[in-house]
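# quick check, what structure comes out for this input:
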Amino acid sequence: MLKNQIGHFTSLSDSDWALFEPYLHEQTVKRNEPMIKEGQHGRELGFIVEGAMRHYYTRDGIEKTTYFYFENAFVGPYISCLTGQPSLITIEALADTRLIMFPYTRLHELFLTNNAWGHFGRKLAEWALLGLEDRMVGLLTLSPEERYIQLLESNKKKILERAPQHLVANYLGITPVSLSRIRNRITKK
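Down below sits the predicted model:
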């Protein structure tokens, strides 16, 4: 499953895969438990086999949900892994989540020493950058109602189907009451 998902980014030979496979291990994160907490050092990334997770920051005791992850998604404290600094985010399971985990250091070594893995690293970084820019532009240029409509019409509709409504509201940067009002207005149209 993980090898197939990587195959969407680059073509790996059996010998390329053999350089990475011994470093993989399964991990289950129970519902409401963190994969990583703010302040911890990120050392591993994961691939979701089954389940759902959310990514959030905490400021002044208030959680700010920035992303959701579901099956076949890569997840992890990328910035902490890249910089060696403590994570600024918490990644928490919304449901019991089964992951394939791997050390970032091994992946980074492969990026530097193997062309196929280097290509994967570049494509993965491009994919992440596109997602971040899309999220940032939406937050800065769209009204809450426009953000909700965009979510309804996008390939991220899974968020609406699987995340609790109070977290969807948090992700949109609004209160649950505001989300309810927006949903009612849209339903009446």
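# give me the buried positions along the longest helix seen in the chain.
For the chain, the longest helix by residue count, based on DSSP state H, is helix 115-141. Judged by neighbour count (16 or more other Cβ atoms under 10 Å), helix 115-141 contains these buried residues: 116-117, 120-121, 124, 138. (Each C-beta comes from the backbone N, C-alpha and C, glycine too.)
# residue ranges of the helices in the protein, please?
In the chain, the helices defined using DSSP H lie at 2-6, 14-18, 78-83, 104-113, 115-141, 144-153, 158-162, 165-172, 176-188.
# so which of those gets nearest P34?
Closest to P34 of the helices of the chain, according to Cβ to Cβ: helix 78-83, at 13.1 Å.
# tell me the helices and strands packed up against the closest one.
Other helices and strands packing on helix 78-83, by 3 or more Cβ pairs under 8 Å, 6 or more residues apart in numbering; DSSP states H and E, are strand 44-50.
# the strand it packs on - contacts with which helices or strands?
Short answer (3+ Cβ pairs under 8 Å, 6+ apart): strand 44-50 packs on strand 74-75, helix 78-83, strand 97-103, helix 104-113.
# would JSON lines of those with mean neighbour count be doable?
As requested, the helices and strands packed on strand 44-50 are exported to JSON lines (neighbours: other Cβ atoms under 10 Å):
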{"stretch": "strand 74-75", "mean neighbour count": "22"}
{"stretch": "helix 78-83", "mean neighbour count": "16"}
{"stretch": "strand 97-103", "mean neighbour count": "20"}
{"stretch": "helix 104-113", "mean neighbour count": "14"}
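# just give me the neighbour total for F70.
20 (other Cβ atoms under 10 Å).
# that one contacts R162, correct?
Yes: using Cβ atoms under 8 Å, F70 is in contact with R162, at 6.7 Å.
# spell out which residues are contacts of both of these two.
A52 (Cβ atoms under 8 Å, 6 or more residues apart in numbering).
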